[in-house]
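> Task: produce atomic coordinates for the following.
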Amino acid sequence: MASLRKALDKALAHYEKKEYVEAERGADAMVEAFPDFPRGQFLKAVILEETGRGKEAEKYYQKSGPLFPLLLRLALQLRDIDPARALGYFEKVSAMDDGNNQIWFNWGLVYEKLGRREDARKCYQKIAVQREIVSRLLSPLGFFIIMVAGAIAMLKRNDMILASLVITSAVVCFFWLKRDGGQTLAMIRKKSKYQ
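Residues are numbered from 1 along each chain as shown. Predicted structure coming up:
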């Protein structure tokens with residue numbers, strides 16, 4: 001498994017630098033040695049497509065499993081290192097799930113980085129803020145409040161073991177709220193800024 005990880009990392013490093021010959025060589029080696037490894041198939045397909053061999057890429061895309069998470073992951077990976085290349089992948093994943101706020105937010109960040117403010121505005125305006133507030137702020141906050149109230153009730157009954165489990169869950173929920181809430185607030189700020 002270590003050799004697979006090493007091979008993937010090496011091929012990805014070449015791919016990120018647009019060293020397609022070396023990247024394809026690495027992808028070919030992975031596909032040959034580990035034909036059931038979907039990320040190897042996916043990397044081969046991406047390289048083929050980016051080098052103008054889209055028809056050939058289809059065979060590898062079909063073997064790579066569900067494309068949406070792989071394409072989204074690639075778009076996010078390229079967002080900071082090669083924004084121009086990331087655009088095409090955000091376009092693909094938005095066609096697969098046009099209601100995904102993460103796509104619109106990150107795609108808007110890419111357009112902003114490239115100085116394309118009008119395109120960024122269009123992306124940010126597609127974010128459904130209400131859904132983000134409910135799913136990333138109110139839901140975790142509700143769970144957090146319920147867990148804290150439950151822990152207090154258990155502590156009053158001297159049920160220390162169960163109370164410690166609930167407190168631990170509440171701490172995890174707090175970090176969930178902090179992470180997701182922060183991103184929701186960033187989405188709201190971007191959408192407001194680009195009215």
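
> distance of the nearest residue to I133 once chain neighbours are set aside from K178?
Leaving aside its sequence neighbours, I133 sits nearest to T184 (Cβ to Cβ, 6 or more residues apart in numbering; 6.4 Å). Yep, even glycine has a C-beta here, placed from its N, CA and C like the rest. Going from T184 to K178 by Cβ to Cβ, to the nearest Å gives 11 Å.

> what's the helix or strand for the residue sitting nearest the centre point of the chain?
Against the mean C-alpha coordinate of the chain, by Cα atoms, centre = their mean, the closest residue is R73 at 4.9 Å. Using DSSP states H and E, R73 falls within helix 67-81.

> quick check: angle from the next helix or strand after that helix to helix 67-81?
Moving toward the C-terminus from helix 67-81, the next helix or strand (DSSP H and E) is helix 83-96. With axes from the mean of the first three to the mean of the last three Cα atoms, to 10 degrees as the basis, helix 83-96 and helix 67-81 are set at 150 degrees to each other.

> ok so, going back, T184 and K178: which has the busier surroundings?
Applying other Cβ atoms under 10 Å to T184 and K178 shows that T184 carries more neighbours, namely 22 against 10.

> Which helix or strand contains that one?
Following DSSP H and E, one finds T184 within helix 160-193.

> what's the model's confidence in that helix, averaged?
Per-residue pLDDT values over helix 160-193 give a mean of 91.

> pLDDT weak spots in this structure?
Low-confidence regions of the chain, defined by pLDDT under 70, span residues 1.

> Show me the domain layout of this structure.
Under the assignment named as automatic domain parsing, the residue ranges that make up the domains of the chain are 1-64, 66-127, 129-193.
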